[in-house]
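> Structure of the sequence below:
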Amino acid sequence: MQALQVSNPALEGYRVLQQLWLIFFNPRYNNFIGPEPKCSGTYGDENRFNVWSAAVAGQAVMDGARIYPQEMGPLVDPTVKALYQYKNHGLKGYSVSNNRDGDIYYDDDAQVQFAFINAYEVTQNKEYLDASRELTLYLLGGWNNDPSAKTKGGILWHRDKPYLSAISNTETALACLRTAKFIPNEKDFFVGSAAKIMDWVLENLLDKEDNLIVDGVGKDQDISQRNGMKWTYNTGTALNAAALLYEHTGDEKWAKVAHDLAAAAVDRNRSIFCRDYGEMERRYYRDPSYFIQLLFEGFADYLLVFGDKAPPQIAEAIKLETARHLLFFRKYLFDPTDGLYFQMFEAYKISPDHHKLYCEEFGDSKGFEANNEERAASGDGPLEQKPLVKTLIGTASAARIWFQAARILPQGA
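You can find the predicted model right below:
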């Protein structure tokens with residue numbers, strides 16, 4: 001792996017985004033449509049993608065338009081209009097499907113908001129800012145005010161489900177902070193809302209033993225019953241929100257939170273790394289790319305906010321982990337047959353060929369087991385015999401990994 005080099009991450013992000021648009025955006029529907037065979041994240045006979053997939057694609061488009069405005073700028077408005085197709089106009093939220101029903105997840109909608117606010121940033125089109133503000137207010141309406149709840153407060157995961165997820169909270173905080181940047185007369189409201197949410201996260205979902213964020217808790221449960229699973233994106237978005245809270249307020253409390261979360265996120269003894277190997281150089285993040293892209297964005301924003309104020313050992317560790325994972329991503333998840341990327345960093349689950357390549361460096365302690373997200377979502381027969389496919393969310397996340405890495409390591413790894 002050390003012999004492999006990756007230069008110009010931004011250009012690789014551009015190349016992947018260009019492929020994404022050609023393969024997944026269908027002008028007939030003015031939206032993202034899956035090709036055959038059917039892949040995960042699609043629904044209906046038309047193979048439309050769910051709003052989460054479309055939102056991550058939207059963020060990738062905005063990343064690209066920021067760096068390559070002439071080439072990718074024309075994709076901004078079609079992308080925003082595609083996301084509008086999921087809007088439930090009565091509720092002001094965005095549904096999982098274009099049925100526009102009440103099946104609405106607050107974390108999905110936060111990622112739609114990210115696409116909208118970034119679209120405004122790169123175009124200054126006030127329509128996008130208005131859409132972003134409206135959606136941010138909808139997200140804040142997800143606050144748990146149930147007087148009978150065992151766990152009070154927190155943003156719900158879904159409007160009809162009792163779970164209080166870390167990701168719905170940290171992403172709503174981020175939506176508030178990104179909106180505050182562009183609406184000065186409402187800055188105090190949005191920053192204050194973000195601080196309230198993040199205080200709830202730190203009180204209820206921070207594991208004080210390792211400074212990682214756990215997944216969530218039901219509002220009808222107490223904290224002792226919380227879901228202790230630790231994903232990269234929960235800590236990554238919390239890090240991002242803490243850094244932006246410090247940027248907005250100058251409060252050293254948020255600087256300490258950000259430094260602690262960043263240090264935990266690059267510690268290979270922490271459970272967000274695959275710790276099945278004793279050798280530290282064999283430990284990598286184990287999550288799919290659509291989680292890791294948000295961790296990379298958290299790293300990039302952290303370094304942007306703190307600059308020389310970031311503890312040097314943390315800043316260097318972030319650059320090292322970013323470089324290591326770019327090399328891993330390119331070697332194990334890149335598909336030369338179409339120039340796209342698979343999405344599971346547990347690369348031994350992609351195909352027998354990937355398993356063989358993986359074993360050459362990591363040994364054969366892990367057997368091959370096909371992951372359904374890398375296989376066709378239709379057809380009969382055993383999973384491992386179904387064809388390999390690429391997804392919109394995986395392709396968009398690949399572009400975002402490269403674009404965010406370019407902010408950390410502009411010269412590559």
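> Please identify the helix or strand for the spatially most central residue of the chain.
For the chain, L294 is the residue whose C-alpha lies nearest the centre (C-alpha atoms, centre = their mean; 3.7 Å). When elements are assigned from DSSP states H and E, L294 belongs to helix 289-306.
> buried set for that helix?
Using 16 or more other C-beta atoms under 10 Å as the burial criterion, the residues of helix 289-306 that qualify are 289-303, 305-306. To be clear about C-beta, it is placed using only N, CA and C from the backbone, and glycine gets the same treatment.
> quick one on the thing from earlier: quick one: the spatially closest residue to the residue nearest to the centre of the chain that is not a sequence neighbour and P336, what's the gap?
Distances taken as C-beta to C-beta, 6 or more residues apart in numbering place Y233 nearest to L294, at 4.1 Å, with adjacent residues excluded. From Y233 over to P336 the distance is 28 Å, taken as C-beta to C-beta, to the nearest Å.
> who's more crowded, those two?
Neighbour totals were compared for Y233 and P336, and Y233 leads with 26 against 6 (other C-beta atoms under 10 Å).
> give me the element that one is part of.
helix 232-249.
> can you state the direction angle for that helix and helix 289-306?
Relative orientation of helix 232-249 versus helix 289-306 (axes from the mean of the first three to the mean of the last three C-alpha atoms, to 10 degrees): 20 degrees.
> For helix 232-249, give the mean pLDDT please.
Mean pLDDT, computed over helix 232-249, is 98.
> how big is the angle separating the helix or strand following it from helix 289-306?
Along the chain past helix 232-249, the next helix or strand (assigned with DSSP H and E) turns out to be helix 252-265. In this structure, helix 252-265 runs at an angle of 140 degrees to helix 289-306, with the same axes, to 10 degrees as the basis.
> quick one, strands of the stretch 101-250 of the chain?
Using DSSP state E, counting those that start in this stretch, the strands of the stretch 101-250 of the chain run over 163-165, 206-207, 212-213, 216-218.
> List the neighbouring strands of the first one plus their orientation.
Right, strand 163-165. Based on DSSP bridges, the pairing partners of strand 163-165 within the sheet are strand 216-218 (antiparallel).
> And the contacts of the partner strand?
For strand 216-218, the external contacting residues (C-beta atoms under 8 Å, 6 or more residues apart in numbering) are 151, 154, 157, 162-167, 204-205, 223, 225-227.
> Repeat the analysis, applying 6 Å as the threshold.
Taking contacts as C-beta atoms under 6 Å, 6 or more residues apart in numbering, the residues outside strand 216-218 that touch it are 151, 162-166, 226-227.
> rewinding a little: from the contact counts, what lies against the helix holding Y233?
Here helix 232-249 is seen to pack against helix 166-180, strand 212-213, helix 252-265, helix 289-306 when contacts are counted using 3 or more C-beta pairs under 6 Å, 6 or more residues apart in numbering; DSSP states H and E.
> So which of these is nearest W52?
Across those, the minimum distance to W52, taken as C-beta to C-beta, is reached by helix 289-306, at 8.3 Å.
> Can you get me the start-to-end distance on stretch 274-282?
End-to-end distance for stretch 274-282: 8 Å, by C-alpha to C-alpha, to the nearest Å.
> Need the pLDDT of K309.
K309 is assigned a pLDDT of 96 by the prediction.
> which residue packs closest to it, ignoring adjacent ones?
With sequence-adjacent residues excluded and distances taken as C-beta to C-beta, 6+ apart, K309 is closest to A255, at 7.7 Å.
> Next one: the one you found from K356, what distance?
Taking C-beta to C-beta as the measure, A255 and K356 are separated by 46 Å.
> What of P147?
P147 sits 57 Å away from K356, taking C-beta to C-beta as the criterion.
> higher neighbour count, these two?
For P147 versus K356, neighbours defined as other C-beta under 10 Å are more numerous around K356 (12 against 5).
> how much space between the more buried one and A347?
Counting by C-beta to C-beta, the gap between K356 and A347 amounts to 11 Å.
> now swap in G218 and tell me
With distances defined as C-beta to C-beta, the gap from G218 to A347 amounts to 33 Å.
> More neighbours: these two, which one.
Neighbour totals were compared for G218 and A347, and A347 leads with 22 against 17 (other C-beta under 10 Å).
> coming back round to it: list of residues touching the helix holding L294?
231-233, 236-237, 239-240, 243, 247, 258, 262, 285, 318, 343, 393-394, 397-398, 400-401, 404, 407-408.
> That helix versus helix 166-180: what angle between them?
Computed with the same axes, to 10 degrees, the direction of helix 289-306 lies at 40 degrees from that of helix 166-180.
> Using PDB, list the CA coordinates for helix 289-306.
Listed next in PDB are the C-alpha coordinates belonging to helix 289-306 (Å, rounded to 0.1, in the frame of the first residue of the first chain):
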ATOM      1  CA  SER A 289     -18.200   5.400   2.600                       C
ATOM      2  CA  TYR A 290     -21.400   7.300   3.200                       C
ATOM      3  CA  PHE A 291     -20.600   7.500   6.900                       C
ATOM      4  CA  ILE A 292     -16.800   8.200   6.500                       C
ATOM      5  CA  GLN A 293     -17.400  11.100   4.100                       C
ATOM      6  CA  LEU A 294     -19.100  13.000   7.000                       C
ATOM      7  CA  LEU A 295     -16.100  12.200   9.300                       C
ATOM      8  CA  PHE A 296     -13.800  13.600   6.600                       C
ATOM      9  CA  GLU A 297     -15.900  16.800   6.400                       C
ATOM     10  CA  GLY A 298     -15.700  17.100  10.200                       C
ATOM     11  CA  PHE A 299     -11.900  16.800  10.000                       C
ATOM     12  CA  ALA A 300     -11.800  19.500   7.200                       C
ATOM     13  CA  ASP A 301     -14.000  22.000   9.000                       C
ATOM     14  CA  TYR A 302     -12.100  21.400  12.300                       C
ATOM     15  CA  LEU A 303      -8.700  22.200  10.600                       C
ATOM     16  CA  LEU A 304     -10.300  25.200   8.800                       C
ATOM     17  CA  VAL A 305     -11.700  26.700  12.100                       C
ATOM     18  CA  PHE A 306      -8.800  26.100  14.400                       C
END
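> Right, I'll call it a day here.
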